[in-house]
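Visitor: Dropping a prediction and its sequence here:
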Amino acid sequence: MRYAQLKAFHAVAANGGFSKAAERLALTQPAISDHIRKLEDAYGSELFLRRRGGVELTAFARKLFAVTERMFEAETEALELLSRAKGLEEGLLSIGADAATHVLPLIRRFRERYPKIQVRLVAGNSAQLLARLDRFEIDFAVIAEAPPQQDYHARLLREDDIQAFSAATHPFARRQEISLADFVAQPVVLREEGSATRGLLLAEIASRALVLTNVMEIESREAAREAVASGMGIGVISSAEIVPDARLHMLRFSDWQARMSEWLVCLTARADLHIIRAVLGLLRR
């Protein structure tokens, strides 16, 4: 059974004749007749009674028409859905970010341009988000390092300074800046492994042969911020993630000018999808 034969049958049944079916499908009448004949021959069933004023469906053909009616209605519905997806009038965009602040401006522009697309924002550190991207759980990951180019497409989203921060009651709150040596001499609150700020800090400390002697590791940014605010240690943070809080005091590093890069990353194999191309098109070059 061929799709074209069923389509020809459905057009004849719906339009009441071979000539109208041919016009509807942009085919010749002999082509329509050939499709119907092959369908009848293949299954040994008569489909139409040829009358002088047109054609009449046999009892069997009426049953078949009920099936093809559902079939082609579903096809039309599927094509309409695909068309809406192509025009970004329907769908879901999933983005993972270590901090929402890094990607919210881009999401705002996307929603203004494509208001019918749902947006889901999930949290995690750089390592977790890249793993979720590999499992197709999210469309984009906002991470601190550009991954290997052969597997991923990455665009620089923003760059921000890294700063230290302490509780407003800490002795360092009277300063505007701090050296890295002074920093490591204090109790320090660090994010979990996989955090980009943690990785940059530890790499710099190791390069200077400095040693952290009193470290508390906390898994989320919010919990780490609360630990610092309560006086349990000092921490590091990207300037983009600084939230006004009277309990906290920000410090520049006097001898370490590090910057945190944030990259918008998708899988190279999916970079041509309409929804992904739409997001990339909104990035300011």
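Guide: Nice, I can see it.
Visitor: can we go C-alpha only for contacts and neighbour counts from here?
Guide: Will do.
Visitor: Can you read off the pLDDT for Val189?
Guide: Per-residue pLDDT puts Val189 at 95.
Visitor: just checking, what packs against the helix or strand harbouring it?
Guide: Assigning secondary structure by DSSP states H and E places Val189 in strand 188-191. Applying 3 or more C-alpha pairs under 8 Å, 6 or more residues apart in numbering; DSSP states H and E, we find strand 188-191 packed against helix 196-207, strand 215-218, helix 221-229, strand 235-238.
Visitor: Tell me which residues of the second one come out buried.
Guide: The reference is to strand 215-218. Going by neighbour count (16 or more other C-alpha atoms under 10 Å), the buried part of strand 215-218 is Val215, Met216, Ile218.
Visitor: strands paired with it, and their directions?
Guide: Here strand 215-218 has these sheet partners by DSSP bridges: strand 188-191 (parallel).
Visitor: So what touches the strand it pairs with?
Guide: Residues outside strand 188-191 that contact it (C-alpha atoms under 8 Å, 6 or more residues apart in numbering): 197-198, 212, 214-221, 224, 227-228, 232-236.
Visitor: what about 6 Å?
Guide: Val215, Met216, Glu217, Ile218, Glu219, Gly233, Ile234, Gly235 (C-alpha atoms under 6 Å, 6 or more residues apart in numbering).
Visitor: Please apply the same query to stretch 121-138.
Guide: Contacts for stretch 121-138 (C-alpha under 6 Å, 6+ apart): Ser94, Ile95, Gly96, Ala97, Asp98, Ala141, Ile143, Gly194, Ser195.
Visitor: Report the rounded mean pLDDT for it.
Guide: What stretch 121-138 shows for mean pLDDT is 90.
Visitor: Give me the mean pLDDT for the top strand by length along the chain.
Guide: With secondary structure taken from DSSP state E, the chain has its longest strand at strand 152-167. Averaged across strand 152-167, pLDDT comes to 91.
Visitor: contacting residues around it?
Guide: 228-229, 231, 234-239, 247-252, 258-268.
Visitor: Make a PyMOL selection of whichever of the residues you listed turn out to be buried.
Guide: Selecting just the buried residues from these in PyMOL takes one command, with 16+ other C-alpha under 10 Å as the test:
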select buried, resi 228+229+231+234+235+236+237+238+239+247+248+249+250+251+252+258+260+261+262+263+264+265+266+267
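Visitor: count of neighbours near the residue nearest to Asp139 when sequence neighbours are not counted?
Guide: In this structure, Asp139 finds its nearest non-sequential neighbour in Ser94, 5.2 Å apart by C-alpha to C-alpha, 6 or more residues apart in numbering. Per other C-alpha atoms under 10 Å, the neighbour tally for Ser94 reads 16.
Visitor: Report whether Ser94 is found in a strand, as I expect.
Guide: Yes: judged by DSSP: H, G, I helix; E, B strand; the rest coil, Ser94 forms part of a strand.
Visitor: before we move on, back to that, just the closest of the contacts of stretch 121-138 to Ala13, please.
Guide: Ser94 (44.9 Å; C-alpha to C-alpha).
Visitor: for Asn15, what are its contacts?
Guide: By C-alpha under 6 Å, 6+ apart, the residues touching Asn15 are Ala21.
Visitor: would JSON lines of the helices and strands packed on strand 188-191 with mean pLDDT and distance to Gln128 be doable?
Guide: JSON lines is the format used below for the helices and strands packed on strand 188-191 (pLDDT from 0 to 100; distance: least, C-alpha to C-alpha, whole Å):
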{"stretch": "helix 196-207", "mean pLDDT": "90", "distance to Gln128": "12"}
{"stretch": "strand 215-218", "mean pLDDT": "94", "distance to Gln128": "16"}
{"stretch": "helix 221-229", "mean pLDDT": "91", "distance to Gln128": "14"}
{"stretch": "strand 235-238", "mean pLDDT": "90", "distance to Gln128": "19"}
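Visitor: This protein: strands as residue ranges?
Guide: For the chain, the strands defined by DSSP E cover 48-51, 54-57, 92-97, 118-123, 140-143, 152-167, 177-178, 188-191, 215-218, 235-238, 248-253, 259-267.
Visitor: Much appreciated, bye for now.
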